[in-house]
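Colleague: Have a look at this prediction, sequence included:
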Amino acid sequence: MIAELLPISPDDREKILALNNLFAAELSYLDEARLDHLLAQAFLALKVGDVEALLLTFDQDADYDSPNFLWFKQRYPRFVYVDRVVTDERARGRGHARRLYQHLFEMAHEAGHTVIACEVNSEPPNPASDAFHAALGFRAVGGSAIHGGKKTVRYFVKNIG
């Protein structure tokens, strides 16, 4: 049985925070206030089933202070930025992340977007994310050291136009 893709609702807050914060090193820690702000700014905020996975994205008009988002905002006039995508360890291997991305590509295209943007940690490394994004057709367009040099990332885009 395939779990349904659903919009994230306020009732999901506790489960979203728990899943996100299990992977805070890769995604960045969220508290309730920050999550509420991000959800209010989101282009697309989806969950799979009962929060087996989640996707949070923003377009270029979002009020968002992430250095990664701002990097794209300085270089691309119009885009959708994937801020976080994560699958619960117990739900891995079911294609949730791929389904979330495919839905994002469709929604972004319908809204007139042609560029999907994201970043992947290079330090600490995230080889699974590298492979996943490469398989979806993302290409590297830059990189940066963030948070005082404690973390380095590579920036990727996929053209969907």
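Modeller: Noted; the coordinates are in hand. Numbering: from 1, shown residues only.
Colleague: And the residue nearest the centre of the protein?
Modeller: Central residue of the chain (C-alpha atoms, centre = their mean): Arg84, 2.7 Å from the mean position.
Colleague: what helices or strands is whichever helix or strand it is part of leaning on?
Modeller: Assigned by DSSP states H and E, Arg84 belongs to strand 80-87. Judged by 3 or more C-beta pairs under 8 Å, 6 or more residues apart in numbering; DSSP states H and E, the packing partners of strand 80-87 are helix 13-22, helix 24-27, strand 53-59, helix 67-75, helix 96-110, strand 115-123. No exception for glycine: its C-beta is placed from N, CA and C like everyone else's.
Colleague: So Leu35 belongs to a strand, correct?
Modeller: No: the assignment for Leu35 by DSSP: H, G, I helix; E, B strand; the rest coil gives helix, which leaves it out of any strand.
Colleague: one step back: just the CA trace of the strand holding Arg84, in CSV.
Modeller: As requested, the backbone C-alpha atoms of strand 80-87 are provided in CSV (Å, rounded to 0.1, in the frame of the first residue of the first chain):
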residue,chain,number,x,y,z
VAL,A,80,11.9,26.8,-6.0
TYR,A,81,14.3,25.9,-3.3
VAL,A,82,14.2,22.5,-1.5
ASP,A,83,15.0,23.4,2.1
ARG,A,84,14.6,19.9,3.5
VAL,A,85,13.5,16.5,2.5
VAL,A,86,13.8,13.6,4.9
THR,A,87,12.5,10.1,5.3
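Colleague: Each with direction, which strands does that strand pair with?
Modeller: The sheet places strand 80-87 alongside strand 53-59 (antiparallel), strand 115-123 (parallel), with pairing taken from DSSP bridges.
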